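Colleague: Here is a sequence together with a model predicted from it:
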Amino acid sequence: MKIKSIDELRKIKEQYQDFVQLRKQGEGNSEHVEVLVGMATCGISSGARETLNAFVTQLAKEKIVGAKVISVGCIGYCHAEPTVQINIKGQKPILYGNVTEANVSKIIEQHIKGGKPVEDLVLQVDFERA
Amino acid sequence: MEGIRTHILVCGGTGCMASESEKVIKNLGLILKAREYKEEVKIVQTGCFGFCEQGPIVKIEPDDVFYVRVSPKDAKDIIDEHVIKGRIVERLLYKEPSNENTINKQEDIPFYKKQLRIALRNCGLINPEDIYEYIALGGYEALGKALTEMTKDAVLDEVKKSGLRGRGGGGFPTGLKWEITKKQESDVKFIICNADEGDPGAFMDRSILEGDPHAVLEAMAIGAYVIGADKGIIYIRAEYPLAIERLNIALKQARDVGLLGKNIFGTNFNFDIDIKFGAGAFVCGEETALINSCEGKRGEPNYKPPYPAEKGYWGHPTCVNNVETFANITAIINRGAQWFASIGTEKSKGTKVFALAGKINNVGLVEVPMGITLREIIYDIGGGIQGGRKFKALQTGGPSGGVLTEDNLDTKIDYDSLIEIGSMMGSGGMIVMDEKDNMVNIAKFYLEFTMDESCGRCTPCRIGTKRMYEILNKITSKKGTMADLDALKQLCYMIKDSSLCGLGQTAPNPVISTMKHFWHEYLAFIKDVDHPQGEGKYVPKNKIGIKS
Amino acid sequence: MTKQQAISVTTPMTQDLPKEKFDELETFIDQMETTKGALIEILHKAQNLFGYLPRDVQLFVARKLGIPGAEVYGVVSFYSYFTTKPRGKYTISCCMGTACFVRGADKIIERLKEILGIESNEITEDGLFTLIDVRCIGACGLAPIVKVDEKVYGRVKEEELEDIINTYRLLEGKK
């Protein structure tokens, strides 16, 4: 579909508001659970691809519907790659660092299923987005 | 696990432990037990929150309430009031020193907000391979607004008023560059995105292209609209395969929805972008060299003037901007020049992305407002020096910059202040060195780099850097004399004054600044061997300082 | 750091380069909208096909574009990404970016040279390894870094290098 005017662009934007609210604040009507995996060069060289694959297979195995695994860019925390952000409705988005394959099941079990963040992996977000 | 509704996080970092956080934990546990809430509430001892000065810190999740200076006596109120009754204990909240406002959410505390992300605003937040996620977060609205609601002059005016300066290193005002290119009379003009990030240790451009490619495409279209170009080029290093792949996907998606191509947003503005690959040459970051390379030639710089804005790609007026510069443009159009100009210092507006690396704990990308101090970057954001060692020096500006020392830690950094203290902004690499690093070796490392990357076009740079490297090698292998140090110094200024382009003109900077700040380290190499001249007794025999 | 790449004009063209690859390169060039300014792009393609840019390939490109061979060689020798020597089966890249350097990359590459018995940009006698030094691959958080083809070894220590190389030697049954 071609976008022909700024109104059409804004309409598309409107349609995505649930998505934006979940992504930015963990609010809105979206029922999805989002798993954002930092997949820039630095992340991939630290094993982000394996982490992403582990999320996909384990979420499927656990039959968790409505969970989306999304690859995103670099968040800048090279010291703690691979990084993963979990967005669940009604919760502040949580950013994890050093999420190796081995930590994936812990996050799924404790956070996605149990609703409690895995504290020892949580990274403090020290920036504000414009 | 299932039944737990609240987590009480207590900081167990060294700072807080010193201020009785153990006792706080013990009391919290005892009271929970007494009130029979042990099954529902869990106490977790966490790592350092990094806010030691206000310790002990207690945080209640999921309420996200943040208490400071909690004494063991306060445990009772936290449980009874907050956990059981849900009332926030006001007296334990953090008070902003300036206005005594209480703050209860962690991210509202200024300490945690040292970083402001404008260029990196979408990185790590959106799927770079999905244009709709970008649109959902307001993407392409700036382009739409520019094309349908603003004149070219109005857009240009916004960019000029924002005070944005080139983020690739030079710091030339972006609006002015656009204006000069706009003024040229020509049917064919080009806009080029410089993504030839050559500074070893800087990787913000790659991160932006990998994490938010559409931001760059959109900004290029806006720039093209202003200067009157219908063709853009992204010149990118072949060493960035992932960024190239994501750019290609982004380009295809933008064309598919008609945001690139003919009659964008139903106007008569046409614009499309090509990708050109570099092949590994640092000098191609220089704009005339970059244009030569785009034309398929050796990437050697040309003498300026004529500037690319007058005669660039295939002789047509061309505007070359860096990736990070472009990444700021859409935010400026969307939020206004005034907002942008309110951030930063008087002459350097907005933020700058730095790649923090070396002997620092939190290696990574940070984006901070101009005017922040190095101390804040290194200690507050970077988490200090690895292994608790002592900070020694910091190199900014890569091979073209200089070292900064402890004395400079409290300088408010922007383009001009960095030059004043003998370095430069550069593309934003920041390499931290600790007491174990030898500065002569560091200088030699950079010289080896520039020697290797010198394109060979002009003699001072081609031969001069080689001679400098040889002398440095002689010094570090303890065979140097005072005469060598003298010759090295003279060479520095000779190369600086006579080279054709920025690469040569700045190549001696690492040597000049390490000599200035760490002269004793150079001397240490000399003194170790038995040389008749000895320290400080050498008198140059002729003008260029080489014994005849 | 990078050794000069020599290309002999007197050695006869003896290497057998597959004709299909020349054909593929020719088709690639023929399908371009314009060859104006496209030399670097064509050389990228050629290096992808052949793995390196020997004299024959450079001359082929020159004839095809109707430009002097010297001009092609001028571009090939200018850019460090292009190589005129064949690569070993595995390419070992040692990152020499600043972040890696301050964390000891200079010692790492010296040790690699010692183990492999070659300098940078050279190929081992058994044809298994090529050692190259690269500028910042952007994983500074893991410095120092050694890459074997696409596999990244982060925070490597000198003493681990021998084991890393031996895994590849074992794979090839050469140990």
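Modeller: Thanks, I have it. Residues are numbered from 1 along each chain as shown, chains lettered A, B, ... in the order given.
Colleague: And the helices in chain A, which stretches?
Modeller: Using DSSP state H, the helices of chain A run over A:6-15, A:17-25, A:41-45, A:48-61, A:101-107.
Colleague: most remote residue from chain C's center?
Modeller: No residue in chain C sits farther from the centre than C:E33, which is 28.7 Å out by Cα atoms, centre = their mean.
Colleague: Do you know the pLDDT at that one?
Modeller: For C:E33, the model assigns a pLDDT of 90.
Colleague: Can you pull the phi/psi pair for whichever residue of chain A sits closest to chain B?
Modeller: In chain A, the residue that lies nearest chain B is A:G73 (1.8 Å; Cβ to the nearest Cβ). From N, CA and C alone the C-beta is placed, and that goes for glycine too. Main-chain dihedrals, A:G73, degrees, to the nearest 10: phi -80, psi -160.
Colleague: what sits against it?
Modeller: A:38-40, B:122-124, B:126, B:128, B:207-208, B:210-212 (Cβ atoms under 8 Å, 6 or more residues apart in numbering or on different chains).
Colleague: now B:I88, what's its secondary structure?
Modeller: Following DSSP: H, G, I helix; E, B strand; the rest coil, B:I88 is assigned to coil.
Colleague: just checking, it touches B:V65?
Modeller: Yes - the criterion here is Cβ atoms under 8 Å, and B:I88 meets it with B:V65 at 5.8 Å.
Colleague: At the geometric centre of chain B, which residue do we find?
Modeller: Nearest residue to the geometric centre of chain B (Cα atoms, centre = their mean): B:F354, 2.0 Å.
Colleague: Tell me if that residue really is in a strand.
Modeller: Yes - B:F354 forms part of a strand when assessed by three-state DSSP.
Colleague: That one bridge partners, please.
Modeller: With DSSP bridges as the criterion, B:F354 is bridged to B:V366.
Colleague: Return the residues in contact with it.
Modeller: Here B:F354 is in contact with B:M204, B:L365, B:V366, B:E367, B:V368, B:I377, B:G428, B:G429, B:M430 (Cβ under 8 Å, 6+ apart).
Colleague: now it: how far from B:I378?
Modeller: According to Cβ to Cβ, to the nearest Å, B:F354 and B:I378 sit 10 Å apart.
Colleague: just to revisit the earlier point, now the contacts of B:F354 as CSV including distance to B:C11, pLDDT and neighbour count?
Modeller: Shown next, in CSV, are those (distance: Cβ to Cβ, whole Å; pLDDT from 0 to 100; neighbours: other Cβ atoms under 10 Å in any protein chain shown):
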residue, distance to B:C11, pLDDT, neighbour count
B:M204, 32, 90, 29
B:L365, 26, 88, 33
B:V366, 23, 91, 26
B:E367, 27, 93, 27
B:V368, 25, 94, 22
B:I377, 23, 93, 22
B:G428, 32, 90, 27
B:G429, 33, 89, 28
B:M430, 28, 91, 28
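Colleague: which one of these is nearest B:Q54?
Modeller: Distance to B:Q54 across the contacts of B:F354 (Cβ to Cβ) is lowest for B:I377, with 21.0 Å.
Colleague: still on that earlier bit, give me the subset of the contacts of A:G73 that lies in helices.
Modeller: B:S207, B:I208, B:E210, B:G211.
Colleague: remind me which residues of chain A are low pLDDT?
Modeller: A:28 (pLDDT under 70).
Colleague: The same query, at a cut-off of 80, please.
Modeller: Chain A contains residues with pLDDT under 80 at A:1, A:18-19, A:21-32, A:65, A:126, A:130.
Colleague: ok, which residues in it are in contact with chain C?
Modeller: Contacts of chain A with chain C, taken as Cβ under 8 Å from any Cβ of the partner chain, map to A:T41, A:C42, A:S45, A:S46, A:C78, A:H79, A:A80, A:E81.
Colleague: Can you tell me which of those is nearest B:Y134?
Modeller: Among the residues of chain A next to chain C, and counting by Cβ to Cβ, the member closest to B:Y134 is A:T41, at 20.1 Å.
Colleague: quick check, distance from stretch B:149-166 to the centre of its chain.
Modeller: Put simply, stretch B:149-166 sits 23 Å off its chain's centre (Cα atoms, centre = their mean, to the nearest Å).
Colleague: related to what we said a few turns ago, could the contacts of B:F354 be laid out in TSV, adding distance to B:D256?
Modeller: Formatted as TSV, the contacts of B:F354 follow (distance: Cβ to Cβ, whole Å):
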residue	distance to B:D256
B:M204	28
B:L365	30
B:V366	35
B:E367	31
B:V368	37
B:I377	41
B:G428	33
B:G429	36
B:M430	39
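Colleague: Now tell me which helix or strand of chain C has the poorest mean pLDDT.
Modeller: Across the helices and strands of chain C, mean pLDDT, DSSP states H and E gives its lowest value to strand C:151-153, namely a mean of 85.
Colleague: Which strands or helices does it pack on?
Modeller: Counting contacts by 3 or more Cβ pairs under 8 Å, 6 or more residues apart in numbering or on different chains; DSSP states H and E, strand C:151-153 is packed against strand C:146-148.
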